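**Student:** the amino acid sequence is not available; the structure is as follows:
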């Protein structure tokens, strides 16, 4: 995705935390300040509509970063659902990512987005853009293993479906890191009925990608499955 870019917003006001608590999949009230987390706003079917990096400055001020191709729709969503909340959404502008330890932070200084993309994919840091909106449930992307979903936080859009999958079932497809030779598969493409590409990037020998898939389907494609970092390498199902 050569045109990948990011836009930062500031959400400020006495109702900002309460509003976000009813929107995103993580527990905003418990979030440590100055600790960026990747989280999601779901649709009514429990699928991720917007992926966003959320940084809590304090209870009344938050930094929100989304992909540029989702930014206009994201701003409309916040203003629609937050119309009666005492808060203000402000565009900060285009920002650039840096991978630090196991998380991504953003700043105005220009960085190499493709280099970040390679690092993020290798670290299992799946992210949503316009092409993949409404495609994946948070658990399928291992978002709970990145502390981007909390199952004890109360209501948000799509929460009943997200919780039901966690407590009563297991996803049939889930996130894998793969590599192979050949052309880079397009984001949101389905090279197999049970494989969908979330993020992909070219390498010197072919490509690496994050895909939501059944393991057997990856074997059929002949793609090599690589280990994810330890926190993301376990079973996506709820521990019994």
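**Tutor:** Perfect, I can see it now. The structure displayed is predicted, hence computed values, not measured ones. Residues are numbered from 1 along each chain as shown.
**Student:** which residues sit against stretch 79-96?
**Tutor:** Under the contact criterion CB atoms under 8 Å, 6 or more residues apart in numbering, stretch 79-96 has outside partners 5-16, 18-19, 23, 63, 65, 68, 75, 78, 106-111, 113, 116. Any C-beta I mention is one placed from the backbone N, CA and C, and that applies to glycine too.
**Student:** take these and keep only those in strands.
**Tutor:** Mapping the contacts of stretch 79-96 onto strands (DSSP state E) picks out 6, 7, 8, 9, 10, 11, 12, 63, 65, 106, 107.
**Student:** type out the PyMOL command that picks the buried ones from these.
**Tutor:** The PyMOL command for the buried members of the ones in strands among the contacts of stretch 79-96 (criterion: 16 or more other CB atoms under 10 Å) is given here:
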select buried, resi 6+7+8+9+11+12+63+65+106
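**Student:** quick one: the ones in strands among the contacts of stretch 79-96 as TSV, columns for distance to residue 96 too.
**Tutor:** Below are the ones in strands among the contacts of stretch 79-96 laid out as TSV (distance: CB to CB, whole Å):
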residue	distance to residue 96
6	7
7	11
8	10
9	15
10	17
11	20
12	22
63	14
65	10
106	7
107	6
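**Student:** next up, the contacts around residue 179.
**Tutor:** 203, 205, 206, 207, 208, 209, 223, 224, 226.
**Student:** that should have said residue 116, apologies.
**Tutor:** Neighbouring residues of residue 116 by CB under 8 Å, 6+ apart: 96, 97, 98, 99, 104.
**Student:** how about those, which pair is most distant?
**Tutor:** The span of the contacts of residue 116, defined through CB to CB, is set by 96 and 99 at 11.5 Å.
**Student:** if we can go back for a sec, name the member of the contacts of residue 116 with the most neighbours.
**Tutor:** residue 97 (24 neighbours; other CB atoms under 10 Å).
**Student:** and that one, how far from residue 34?
**Tutor:** In this view, residue 97 and residue 34 are 17 Å apart by CB to CB, to the nearest Å.
**Student:** do residue 98 as well
**Tutor:** Distance from residue 98 to residue 34, by CB to CB: 15 Å.
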